[in-house]
Structures are given as C-alpha cells and as structure tokens.
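*Asks:* Sequence plus predicted model, see below.
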Amino acid sequence: MNYSHTDIENQNGAELKQIKRVEESRNQYILRENIDYSHDCPYSIAFVILGVFFWLPFLFNIVYIRSPNTHARRIAIASVILASIYFSALFVGLVILGTTVAYYQDSNWML
C-alpha cells in the first residue's frame, strides 16, 4: 500500500482532533467536579417549606434528586414522598366531598 504525504497528514490531523476532543471532555469533567453543590440544600429546604403551604413546590424539588449533595438528595426524596401523600389525601378528600354532595342532592333532605 502506498500512502501519500497528504494521506498521512489527514490521518494525523484526525488523530489530533480526536485527542483535542478527549482533552476538552476531560477538562469539562474536571470543571464539573469543581462546582460547589452546597447551595442545593437550602433551596431544597425552601421548596419543602413552600410545599407545606402549596402542593406544587414539592414537585419542583425533584430537580435535586440527582444532586451530589446528600442532604439535598434526601430532602428531595422526602419531598416526593410528601407530595404523593399530599396528592392521595387530596384525592380521597375530593372523592368523599363529591359523594357527600351527590348523596344530599339526590335525597330531598331540604323539604
């Protein structure tokens, strides 16, 4: 096989580009490791406190489930559990309210 000078340069250029990509991805990984995740915990706690009064912030706390901060992750898991309990209690309450209203509308109790 005969390789011309340009073929060898093209192969070397492709290898250099691949090496640069690996170095860039390695640098990005190092940058991600150096990110400070300590701010995740206070935000997660804030979403739980808001979730006590409103149901939707419990679901916003799902963002912190994959956080490297263990406290934020645990609070987020607890928040998801509380959201499911909150939703099921709301559902049961609405069903009971609906059946009560339907029962008293059908019977003529206000004669």
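*Replies:* Looks like it arrived, so ask away. Numbers count the residues shown, from 1 in each chain.
*Asks:* Identify the residues contacting residue 84.
*Replies:* Residues near residue 84 by CB atoms under 8 Å, 6 or more residues apart in numbering: none. Heads up, the C-betas are built off the backbone N, CA and C, glycines and all.
*Asks:* oh sorry, the question was meant for residue 57
*Replies:* For residue 57, the contact set (CB under 8 Å, 6+ apart) comprises 47, 48, 50, 51.
*Asks:* How about residue 87: what's its closest non-neighbour residue?
*Replies:* Distances taken as CB to CB, 6 or more residues apart in numbering place residue 55 nearest to residue 87, at 7.1 Å, with adjacent residues excluded.
*Asks:* measure the one you found to residue 95 for me?
*Replies:* According to CB to CB, to the nearest Å, residue 55 and residue 95 sit 17 Å apart.
*Asks:* repeat for residue 41
*Replies:* Per CB to CB, residue 41 is found 37 Å from residue 95.
*Asks:* If you count surrounding residues, which of those two has more?
*Replies:* The residue with more neighbours, out of residue 41 and residue 95, is residue 41; 19 against 10, by other CB atoms under 10 Å.
*Asks:* Pretty sure that one sits against residue 71.
*Replies:* Yes - here residue 41 reaches residue 71: they are 4.6 Å apart, a contact under CB atoms under 8 Å.
*Asks:* helix/strand/coil for residue 38?
*Replies:* When classified by DSSP: H, G, I helix; E, B strand; the rest coil, residue 38 comes out as coil.
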